[in-house]
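> Sequence and predicted structure are below.
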Amino acid sequence: MIDLDKISHEVISTAKNAGTFIRNQTDKLRSIDVETKGNHDYVTYVDKTAEEQIVQSLQALLPEAGFIVEENTISKQGDAYNWVVDPLDGTTNFIHGIPVFSVSIALMHHKEVVLGVVYEVNLDECFSAVKGKGAFLNGMPIQVSNASALKDSLLATGFPYHDYTRMDSFIDLFKWCMKNTHGLRRIGSAAVDLAYVACGRFEGFYEYGLNAWDVAAGCLIVQEAGGQVSDFRGKDNYIFGREVVASNNNISHEFLNQIQKAFNPIKKH
Ligand code: IPD
Ligand code: CA
Ligand code: CA
């Protein structure tokens, strides 16, 4: 069995090194550096180079592991272990000079996430967790908030920008949240949204259309901080199922109930 605590320290260094590279490129980025991958989906040399650096470092750390990476800089499937990497979560913020973006790295053992690191680049905040060992922010233990109702909760989401099929449900929930909670934030990095649920800044987060690299690390960090994570049905398909709900324990039932009312998964899927 591999030593996850030791690996976690190395992954934290890897994420911070990539973050330093990204931070140093902030003022150098030109508009011609921005490529369009798809509808509202952008990438720059910074995303790709950061991913190459991360992959190189993780390969040295665990040579038998494979990779699920956003920018396709490597194609390798591992038998037992796979790294799940988003080198720059919040590219749209990055290219517009909005200083909220992160590096997200998770390690999966078969279908289970066993290690997660989310590094918020500009605040120099590193969130980390190893399965069964708690969650940390810059080495200090963190916990989800203890708010007990949605009326006392600040929530986060991401606006759909590829898949508009569930837009009406999204807007219905949006209206409900505006009227019945402390508010709804869209900060532009799903990994940071999840990390903020883990440390109690947000009570809850939901989004659909996300990929495994957006959520794998953050979901483990939420769970290890005492929170709940599921898909919109309240089931376990939140890493590859393209929908995620994360919350502190206390509000999870009420939150999921509102999400299901709006999205009515049985009818709209
Ligand atoms: C995006 C961010 C954003 C979310 C998008 C993601 P990217 O990731 O996490 O918050 O709303 O759905 O694609 O493209 O910046 O890595
Ligand atoms: Ca992402
Ligand atoms: Ca990305």
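Received it, and whenever you're ready, just let me know what you need. Ligands and ions are numbered 1, 2, ... in the order given.

> Would you map the strands across the stretch 51-200 of the chain?
66-69, 81-89, 102-109, 112-120, 125-130, 135-137, 140-142, 154-157, 183-185 (DSSP state E, counting those that start in this stretch).

> What residues sit buried inside the first one?
Taking 16 or more other C-beta atoms under 10 Å as the basis for neighbour counts, the residues of strand 66-69 that come out buried are 66-69. In this view, the C-beta of every residue, glycine as well, is placed from N, C-alpha and C.

> Show me which residues of the protein sit near ligand 1.
Residues of the chain found near ligand 1, taking C-beta under 6 Å from any ligand atom as the criterion, are 86, 89-92, 158, 188-190, 207, 209-210, 214.

> From the residues you listed, list just the buried residues.
Among the residues of the chain next to ligand 1, those that count as buried by neighbour count (16+ other C-beta under 10 Å) are 86, 89-91, 158, 188-190, 207, 209-210, 214.

> re earlier: which stretch among the strands of the stretch 51-200 of the chain approaches residue 237 most closely?
strand 112-120 (13.3 Å; C-beta to C-beta).

> Could you check the pLDDT of residue 267?
Residue-level confidence at residue 267 comes out at 48, pLDDT.

> no, scratch that, I was asking about residue 131
98.

> For it, give me the backbone phi and psi.
As for residue 131, its main-chain torsions (degrees, to the nearest 10) stand at phi -50, psi 120.

> wait, doesn't it sit right on residue 114?
Yes - counting by C-beta atoms under 8 Å, a contact exists between residue 131 and residue 114, whose distance comes to 4.4 Å.

> which residues do the two both contact?
4, 220 (C-beta atoms under 8 Å, 6 or more residues apart in numbering).

> Pick out whichever of these two has more residues nearby.
Set side by side, residue 131 and residue 114 show more neighbours around residue 114, with 20 against 15, by other C-beta atoms under 10 Å.

> so which of the strands of the stretch 51-200 of the chain comes closest to ligand 2?
strand 81-89 (3.9 Å; C-beta to the ion).

> Which secondary structure elements does the closest one sit against?
With contacts defined as 3 or more C-beta pairs under 8 Å, 6 or more residues apart in numbering; DSSP states H and E, the packing partners of strand 81-89 are helix 4-25, helix 45-61, strand 66-69, strand 102-109, helix 190-198, helix 212-224.

> quick one: contacts of the second one?
Applying C-beta under 8 Å, 6+ apart, the external contacts of helix 45-61 come out as 7, 10-11, 13-15, 17-18, 21-22, 25, 29, 33, 65, 67, 69-71, 73-74, 83, 85, 87-88, 91, 94, 103, 105.

> Okay, angle between it and helix 4-25 too, please.
Here helix 45-61 runs at an angle of 160 degrees relative to helix 4-25 (axes from the mean of the first three to the mean of the last three C-alpha atoms, to 10 degrees).
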